[in-house]
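Undergrad: the following comprises the amino acid sequence and a computationally predicted model.
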Amino acid sequence: MTRNPARTIQEREPGGSAPPFRPTPPFRPTRTARRRTTRAAVGAAVTLVAVLGVTACVADPAVHVRSVADVTYRGLPAEGGELRPAVDPEEHGVGFARGGEPETVNVVTVGSSSCPLTPVDAEWDPAERTLAFTFGRRSATDTRPCTLDVAPTTSVVHVDGLPAGEPVVVLTSTREVVLPPTR
C-alpha cells in the first residue's frame, strides 16, 4: 500500500490521534475590509474635527472686547463716501469713508472673513478734528482658528459730534487719512 501524504492520520487509522498541527498564517484582511477600516477611521477623524471646530466656536463673550461699530457686515460699504485710502478687496488693508448717515464713519478692513479686525475703540478729538481707531477681533472670534481667505468687512461707527460740513483726519499708525466733508 502506498502512502498518500495528503491523507490525515484520522483517515489512515480509525480512532487515531488528531490531525497534525498546521499553524494558520496571520490574519490578513481583504482589500474590501481594509477599505472599510480606512473609511471608518477617516469618518471618525472628520467627526472629531467637526466636533472640536464647533466646540472652538463657543466662547465667553465677557472675556473679549466688544466692537464700537453699530453694524458690521461682509463686503464693501453699501452707502457713504469714497474709501480713503482705496482698498483692494484681495489685499490686506484698512480704509475709511464717511458713512451714509450723519456722524457715521465706514471702516473697511480686508483680511480673514471668519475673524475680521473691527474697531474696538474710537477716540474723537473735536479741537483737533482727529479721529483714531483701535482695532481688534470681534467678540468671540479670538478663540477659534481664522480662515486664510481675504475679504472686506465694513464696520459702521457712530461718532458723536462728528462734523458733517468739515474735513476730518483719521489717524493711523502709518499716515493721516483726510475724510472730505459730506455733501
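TA: Looks like it arrived, so ask away. Residues are numbered from 1 along each chain as shown.

Undergrad: give the burial count for residue 125, as a bare number.
TA: As a burial measure, residue 125 scores 11 neighbours (other Cβ atoms under 10 Å). Glycine gets a C-beta too; all of them are placed from N, C-alpha and C.

Undergrad: also residue 147?
TA: Look at residue 147: counted by other Cβ under 10 Å, it has 12 neighbours.

Undergrad: what segments of the chain are strands?
TA: Assignment of strands within the chain using DSSP state E yields the ranges 71-74, 93-98, 104-111, 117-125, 130-137, 151-158, 168-171, 176-179.

Undergrad: low-confidence ranges in this protein?
TA: Residue ranges of the chain with pLDDT under 70: 1-65, 138-142.

Undergrad: break down it into its helices, ranges please.
TA: Assigned by DSSP state H, the helices in the chain fall at 9-12, 31-57.

Undergrad: count the residues that sit near residue 116.
TA: Number of residues near residue 116 (other Cβ under 10 Å) recorded here: 23.

Undergrad: on that earlier part again, so which of the strands of the chain is nearest residue 83?
TA: Of all the strands of the chain, strand 93-98 sits nearest to residue 83, with 3.8 Å by Cβ to Cβ.

Undergrad: contacts only, for the residue nearest to residue 135 when sequence neighbours are not counted.
TA: Leaving out its chain neighbours, the residue that sits closest to residue 135 by Cβ to Cβ, 6 or more residues apart in numbering is residue 117, at 4.5 Å. By Cβ atoms under 8 Å, 6 or more residues apart in numbering, the residues touching residue 117 are 94, 109, 111, 135, 136, 137, 153.

Undergrad: bridging residues for residue 117?
TA: Note on residue 117: beta-bridge partners by DSSP bridges are residue 137.

Undergrad: please report how far it lies from residue 162.
TA: Distance, residue 117 to residue 162, using Cβ to Cβ, to the nearest Å: 21 Å.

Undergrad: residue 178: which of the contacts of residue 117 is nearest?
TA: When these are compared against residue 178 (criterion: Cβ to Cβ), the nearest one is residue 94, at 14.9 Å.

Undergrad: ok, how many other residues are close to that closest one?
TA: Neighbours of residue 94 using other Cβ under 10 Å come to 21.

Undergrad: could you measure from it over to residue 164?
TA: Taken as Cβ to Cβ, the span from residue 94 to residue 164 is 23 Å.

Undergrad: how about residue 103?
TA: 7 Å.

Undergrad: which of those two has more neighbours?
TA: Counting neighbours by other Cβ under 10 Å for residue 103 and for residue 164 shows that residue 103 has the greater number, 16 against 13.

Undergrad: got a list of what the more buried one touches?
TA: 158, 159, 160, 161, 162, 164.
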